[in-house]
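Student: one predicted model, sequence on top.
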2 protein chains.
Amino acid sequence: MRMAELSAESGVPVATIKYYLREGLLPPGVRTSPNQARYDREHVRRLKLVRALLDVGGLSIARVREVLDGIDEHDDIHKVLGITQRALALSRIAVDEPTREWAMGLLVEVAALRGWELRPDNPVVDSAVGTLGAFATLGRTELVERLAGYAELADRVAALDLAGVRALPERETVVEAAVVGTVLGDALFAALRRLAQEHTSATSWPAGPG
Amino acid sequence: MRMAELSAESGVPVATIKYYLREGLLPPGVRTSPNQARYDREHVRRLKLVRALLDVGGLSIARVREVLDGIDEHDDIHKVLGITQRALALSRIAVDEPTREWAMGLLVEVAALRGWELRPDNPVVDSAVGTLGAFATLGRTELVERLAGYAELADRVAALDLAGVRALPERETVVEAAVVGTVLGDALFAALRRLAQEHTSATSWPAGPG
DNA sequence: GTGATCAGATAGTGGAGCTATCTACTATGG
DNA sequence: CCATAGTAGATAGCTCCACTATCTGATCAC
């Protein structure tokens, strides 16, 4: 497969593919001469993965590279998922110290309830604390009453996630599948949640407050 | 309250506040003379909301403006939430037509199961179809087996969301609260889901495949 | 009245994600 | 074998976004 074909197959412009090659998001093709190379199905596949991480996952080029390097270099699914979660961790909002401590206390409480382990170096903990802090900063502290409920549902969603990964046949694709599931899974569940919100809102609050 | 105080209170640099004023994200202060103005608690509050939508929600300046205009101009919570959902809708991945139809069929099936209404002009439907299409493009079609499960859990999360909005005391803050809940709610649930994934993964798959 | 602060205007900055052009070379159809 | 199209790699440029900095002329606080 030559460059033009790879471009047509993946829907990504040639100039952009060259850019991804330069950035190390795509491995170089097999050289057939000093300035010629061939590509294969794996390149198409990788290219689609890159676009999914960029477009759907909202990752930056640098984060995509980290995740892909993780997939390529590690068999250990925990390590790769750790990298992926770091890549997805949001730039947290600036939260003052008391609010931060309040949020952390809240999270510790819920984690204890669910048996979750909170390691201080976990970037996901930062994300959660930042988001809870943002709620508090905006005066939505009554969230605490529902947090345990959300945590329980998160546990059930996670159980489904893991069941999906576990069911995969080929060992080598498990790591990649887990990454795809993590990154796209957020987008999918968010969309389902909104559809459900619309339904619930329309049926239980038909007129609206206007 | 003068500009310097507003900046200190909100943690946003003066130059940035001026930029937000120009962009219409923040209403102008009350004039005390041709080149002087005063700000109040509402400005601090609005500024915090803007930062939350930008940092945690990941919205662009233009999307934040749309959402804020919606909050200011409409009492109807459905309309404002529609605008918010449009603002959150991802730039969808390019998906070929057969895949798109497959994804749409899948979504219609699940929606029927849950009683959701899918209107064709709904941007959330686009998001969901695009994300399902991305899964398929990457070869993760076994997702279909779990989709109904996710949809059921999405319904339960949405019920919790609505309960939170319903419980609010003041009529005028309900719309804003719903927006905050929608935007920050995604980030929060995603973080909880990852903590739950780590827990489930560590306890049920302790060694890892490496 | 004097130094700090202000509003508003305009211009500039830095990063991200491409996109375009150039050169020297290679593949391919006739 | 030649003409044309395609290719690798290098480099430069582009557009958009979210600020950030500077300037001017006026006002405030002491």
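Tutor: All right, it came through fine. Numbers count the residues shown, from 1 in each chain, chains lettered A, B, ... in the order given.

Student: got a list of what the nearest residue to residue A:128 once chain neighbours are set aside touches?
Tutor: Ranked by C-beta to C-beta, 6 or more residues apart in numbering or on different chains and with sequence neighbours excluded, the top spatial neighbour of residue A:128 is residue B:191, at 3.9 Å. Where C-beta positions appear, they are placed from N, C-alpha and C, glycine not excepted. Residue B:191 is in contact with A:124, A:127, A:128, A:131, counting by C-beta atoms under 8 Å, 6 or more residues apart in numbering or on different chains.

Student: cool, and residue A:180?
Tutor: Neighbours of residue A:180 in contact, by C-beta under 8 Å, 6+ apart: A:49, A:52, B:135, B:138, B:140.

Student: and if you look at residue A:118?
Tutor: Contacts of residue A:118 (C-beta under 8 Å, 6+ apart): A:107, A:108, A:111, A:125, B:195.

Student: most neighbours of all those, which one?
Tutor: residue B:195 (26 neighbours; other C-beta atoms under 10 Å in any protein chain shown).

Student: distance check, the residue nearest to it when sequence neighbours are not counted against residue A:63.
Tutor: Spatially, and ignoring its direct neighbours in sequence, residue B:195 is nearest to residue A:116 (5.0 Å; C-beta to C-beta, 6+ apart). Distance of residue A:116 to residue A:63, given as C-beta to C-beta, to the nearest Å: 25 Å.

Student: any idea which element the most centrally placed residue in chain A lies in?
Tutor: Nearest residue to the geometric centre of chain A (C-alpha atoms, centre = their mean): residue A:183, 2.7 Å. Using DSSP states H and E, residue A:183 maps to helix A:171-204.

Student: what's the most distant pair in the contacts of residue A:118?
Tutor: Taking C-beta to C-beta as the measure, the contacts of residue A:118 span a maximum distance of 11.5 Å, between A:108 and B:195.

Student: I'd assumed residue A:37 was in a strand, is it?
Tutor: Yes: counting by DSSP: H, G, I helix; E, B strand; the rest coil, residue A:37 falls inside a strand.

Student: and for the closest residue to it other than its chain neighbours, the neighbour number?
Tutor: Closest residue to residue A:37 apart from its sequence neighbours, by C-beta to C-beta, 6+ apart: residue A:29 at 3.4 Å. The tally of other residues near residue A:29 (other C-beta under 10 Å) stands at 17.

Student: got the contact list for residue A:29?
Tutor: A:37, A:38, A:39, A:40, A:43 are the contacts of residue A:29 under C-beta under 8 Å, 6+ apart.

Student: now, of the residues you listed, which are buried?
Tutor: A:39, A:43 (16 or more other C-beta atoms under 10 Å in any protein chain shown).

Student: redo the contacts of residue A:29 as a markdown table? Include distance to residue B:11 and pLDDT.
Tutor: Output for these, formatted as a markdown table (distance: C-beta to C-beta, whole Å; pLDDT from 0 to 100):
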| residue | distance to residue B:11 | pLDDT |
| --- | --- | --- |
| A:37 | 51 | 97 |
| A:38 | 54 | 97 |
| A:39 | 49 | 98 |
| A:40 | 51 | 96 |
| A:43 | 46 | 97 |
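
Student: please see if the lowest-mean-pLDDT helix or strand in chain A touches DNA strand C.
Tutor: Least confident element among the helices and strands of chain A, by mean pLDDT, DSSP states H and E: helix A:77-88 (a mean of 87). No: if you take C-beta under 7 Å from any atom of the strand as the test, helix A:77-88 misses DNA strand C, and the best it gets is 11.5 Å.

Student: in that helix, what's buried?
Tutor: Quick answer for helix A:77-88 (16+ other C-beta under 10 Å): A:77, A:78, A:80, A:81, A:82, A:83, A:84, A:85, A:86, A:87, A:88.

Student: and of those residues, the nearest to residue B:161?
Tutor: For the buried residues of helix A:77-88, the nearest to residue B:161 is residue A:88 (21.6 Å; C-beta to C-beta).

Student: contacts only, for that closest one.
Tutor: A:57, A:59, A:63, A:182, A:183, A:186, B:190, B:194 are the contacts of residue A:88 under C-beta under 8 Å, 6+ apart.

Student: filter those to the buried ones?
Tutor: Applying 16+ other C-beta under 10 Å to the contacts of residue A:88 flags A:57, A:59, A:63, A:182, A:183, A:186, B:190, B:194 as buried.

Student: any chance of those in TSV, with pLDDT and distance to residue B:155 too?
Tutor: Output for the buried ones among the contacts of residue A:88, formatted as TSV (pLDDT from 0 to 100; distance: C-beta to C-beta, whole Å):
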residue	pLDDT	distance to residue B:155
A:57	91	25
A:59	94	29
A:63	95	32
A:182	91	22
A:183	91	23
A:186	94	18
B:190	95	18
B:194	94	21
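
Student: which bits of chain A sit near DNA strand D?
Tutor: A:2-5, A:14, A:18, A:21-22, A:28-29, A:31, A:35-37.

Student: rerun at 6 Å
Tutor: A:2, A:3, A:4, A:18, A:28, A:29, A:35, A:36, A:37 (C-beta under 6 Å from any atom of the strand).

Student: for the third one, give me phi and psi.
Tutor: In this entry, residue A:4 is assigned phi and psi values of phi -60, psi -40 (degrees, to the nearest 10).

Student: and it, how far from residue A:33?
Tutor: For residue A:4 relative to residue A:33 (C-beta to C-beta), the value is 17 Å.

Student: in what helix or strand does residue A:144 lie?
Tutor: Assigned by DSSP H and E, residue A:144 falls in helix A:144-166.

Student: among the contacts of residue B:191, which one lies nearest to DNA strand C?
Tutor: DNA strand C lies nearest to residue A:127 out of the contacts of residue B:191, by C-beta to the nearest atom of the strand, at 18.8 Å.

Student: doesn't the closest one lie inside a strand?
Tutor: No: counting by three-state DSSP, residue A:127 is located in no strand; its state is helix.

Student: and it, what does it touch?
Tutor: A:89, A:90, A:92, B:187, B:190, B:191, B:194.

Student: by pLDDT, give me the weakest of those.
Tutor: On pLDDT alone, residue A:92 ranks lowest of these, at 67.

Student: could you find the closest non-adjacent residue to residue A:188?
Tutor: residue B:131 (4.6 Å).

Student: before we move on, back to that, who wins on neighbours among the contacts of residue A:180?
Tutor: residue B:135 (26 neighbours).
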